[in-house]
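1. Mind looking at a prediction? Sequence and model below.
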Amino acid sequence: MSTFALETSCSPSASEREIVLTGELDIAAVPALEAALGGARNAGHDVALDLSRITFIDLRATRSVLDAALAASLAGRTLKLVSPSPAVERVLELTGAEDFIAATRPAVAKPGRRSRTRAGSGAR
C-alpha cells in the first residue's frame, strides 16, 4: 500500500492552481491525481504541479501527468512541473518525457572558488 497526499491551492490571481503531491505516485494514486488535474483544467486554471516531495513515480502516473499537460495545452492552458524530485527527474529522463513537459527547477548555487594549494608548497 502506498502513502500519498495531495493538496491544492489557487494563486491570488486565481489563474493558476498549485497542486502539491507528497509520497509515492503510483497506480493507486492516479485517480486522485487525474481528478485534481481535470478539475483545474475544467475550471480554466493553469497548473503548477509540485513534485518536490515525490519519492516514487510509476509509468502510469507519468502517463497521467503527460496526458494532463497535453490536454492543458489543447485547452490553451499550461501545466508545469515544479521542482521535480530526483525520483521524478530520473523517470522523466529514462522515458524521454522531459522533452515534452515544462519544468521549473530551483536555482543551484554555483560552488565558490577554492584556493589552490600544492602539496609540499607550504612555508617551512
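-> Received the coordinates, thanks. Just so it is clear, the structure is predicted and the values come from calculations on it, not from any experiment.
2. The strand ranked longest in the chain: which residues count as buried?
-> In terms of residue count, the longest strand belonging to the chain (DSSP state E) is strand 46-57. By 16 or more other CB atoms under 10 Å, the buried positions in strand 46-57 come out as 46, 47, 48, 49, 50, 51, 52, 54, 56, 57. In short, each C-beta sits where N, CA and C put it, glycine included.
3. Reformat those residues as TSV; add distance to residue 88.
-> Putting the buried residues of strand 46-57 into TSV (distance: CB to CB, whole Å) gives the following:
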residue	distance to residue 88
46	20
47	15
48	14
49	10
50	11
51	5
52	9
54	5
56	9
57	5
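4. Residue 91: which of these is nearest?
-> residue 57 (5.3 Å; CB to CB).
5. okay but that closest one is in contact with residue 94, surely?
-> No: if you go by CB atoms under 8 Å, residue 57 and residue 94 don't touch, sitting 11.0 Å apart.
6. Low-confidence ranges, this structure, go.
-> Filtered on pLDDT under 70, the chain yields the residue ranges 1-2, 11-13, 107-124.
7. just the strands in it please.
-> So, for the chain - with DSSP E - the strands run 4-10, 16-25, 46-57, 79-82, 102-104.
8. Out of those strands, the one nearest residue 68 is which?
-> strand 79-82 (5.6 Å).
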